[in-house]
Structures are given as C-alpha cells and as structure tokens.
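# Just need the structure, nothing else, for what follows:
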Amino acid sequence: MTFVPGPIIIPSKSKEERRKVKKEVKKKTTPPKKEKKLVYVLIKLKPDQLISEKAKEVEELFRGKTFNRVVNPDEYTLLMNAQNLFSKANRLYVVELTDGMNRWFYLVPSEERIKFKNRDKYIVFLIKKDSSLEEIFKKIAEGKIDKKSTFEVVLTVIEAVLGILAFVAGYLALEDVIDFSQLSNIVTFVLFFIFALQSIKKGYRKRSWED
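Predicted coordinates for the structure are as follows:
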C-alpha cells in the first residue's frame with residue numbers, strides 16, 4: 001500500500017505576532033534619525049576692511065553649496081531661513097560678518113564640515129527640539145549668544161543646591177548622624193529632581209567644537 005502524504009498545515013500567526021514582525025522589519029530598514037546641528041560662526045572685520053570684500057572671501061568657502069544671505073535681519077527672518085534649509089541637511093552653518101554697524105548672515109546647509117580661519121566665535125548647537133531654534137535665533141539677533149537666560153541660571157542654581165544636599169547627606173551618613181536607608185531616600189529624591197529639571201531644560205546642548 002502506497003503512503004500518500006497529506007497537506008502540510010502551517011499555523012497562521014496571530015495579529016499581534018504579525019505586528020511584532022512588522023515592527024522588527026521597520027526597525028532594521030529605517031535608518032536612525034540624525035541629530036540636527038546648528039553651527040554659529042562670528043567673524044569680525046578689521047577697521048580698514050569693507051564688509052563686501054570680506055563677503056567675497058567667505059563666499060568662496062561656500063562654492064558649490066546652496067546658501068542664503070540676509071543683511072541686518074531680525075530673528076524671524078533668520079528662523080524662517082533656517083527652517084527651510086534644515087530640509088536639505090542636518091547641519092546648518094550660520095555665519096555672521098560684522099563691521100560693528102552692519103551684520104551680514106550666511107545660512108549654509110552642509111553635511112560636510114566647513115573650515116573657517118580667523119573666526120571670533122564658534123559655537124555648535126545640538127538641536128534636540130525644533131522649538132529651541134526660536135530661542136537660539138533670538139539670542140543671535142540680539143547679539144547675546146553667550147548670555148544665559150534667567151530660567152537657565154535658576155535651573156543651574158537649583159541643580160547645584162541639590163548636589164550639595166546629596167554631598168551633605170553622604171557626610172552625615174558617614175558620621176552616623178543618619179542611617180544609610182535615609183541616605184538612599186535623599187539620594188533618590190535628589191536624582192529624581194535633577195532628572196526632572198533636565199527634562200524641562202532648553203531643547204539643545206551647546207559646545208565649542210564639531211565631531
């Protein structure tokens with residue numbers, strides 16, 4: 001008698017299993033989102049130098065790249081230009097030329113690094129929230145890019161106080177004034193509030209170099 005195998009039945013996956021598979025495939029195929037960088041460069045002119053002459057020199061660095069030039073702009077003009085140009089690259093250079101009276105700005109999207117000689121200021125902003133661009137350009141327009149806001153100062157002071165509190169608690173525990181369970185509660189309290197403060201801080205980080 002000849003054996004005839006029957007059909008092989010493959011159990012179908014549940015909706016939840018299919019959803020998990022789709023998520024895993026999406027994670028593998030979707031490239032990680034790059035962090036946006038805004039690089040602010042300030043170049044001050046010499047007393048005997050014309051801003052138009054320096055502009056030609058700087059524009060040579062942007063050859064082959066898209067860029068916008070705006071003269072004596074307000075913060076909203078800078079912001080609108082930046083938002084449009086961030087669609088072309090994750091790194092945006094904001095170069096300011098100034099002779100003390102006039103301010104010419106160049107906004108240049110570029111994935112490649114641009115090197116500047118004789119710059120007077122170089123600040124890299126790592127953008128975590130797009131909403132933070134408004135604050136950054138307000139500071140640039142007002143010429144107060146290095147000045148901390150009252151909110152930033154208050155948060156820094158609170159963090160410092162919490163750090164001192166944790167240090168004092170550790171000292172008291174070593175001196176047996178409080179037990180280690182109380183120390184653990186205090187440290188947990190301090191860490192919780194520091195993390196909470198970090199979450200409401202500005203939506204960017206600032207440094208003076210590029211990767």
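# what packs against whichever helix in the chain runs longest?
Longest helix in the chain, counting residues (DSSP state H): helix 150-174. Here helix 150-174 is seen to pack against helix 180-200 when contacts are counted using 3 or more CB pairs under 8 Å, 6 or more residues apart in numbering; DSSP states H and E. The C-beta positions use only the backbone N, C-alpha and C, and glycine is treated the same way.
# Show me what the next helix or strand after the helix it packs on pairs with in its sheet, parallel or antiparallel.
Next in sequence after helix 180-200, counting helices and strands by DSSP states H and E, comes strand 204-207. Strand 204-207 has its sheet partners listed here by DSSP bridges as strand 121-127 (antiparallel).
# mind checking how far the partner strand is from the chain centre?
8 Å (CA atoms, centre = their mean, to the nearest Å).
# Repeat that for stretch 73-88.
Relative to the centre of its chain, stretch 73-88 is centred 16 Å away, using CA atoms, centre = their mean.
# for it, what is the average pLDDT?
Taken as a whole, stretch 73-88 has an average pLDDT of 94.
# Buried residues of that stretch, list them for me.
Using 16 or more other CB atoms under 10 Å as the test for burial, stretch 73-88 gives Pro73, Glu75, Thr77, Leu78, Leu79, Asn81, Ala82, Leu85, Phe86.
# Check which element follows the host helix or strand of the third one along the chain.
It refers to Thr77. If you go by DSSP H and E, Thr77 is part of helix 75-85. Past helix 75-85, further along toward the C-terminus, the next helix or strand under DSSP H and E is strand 91-98.
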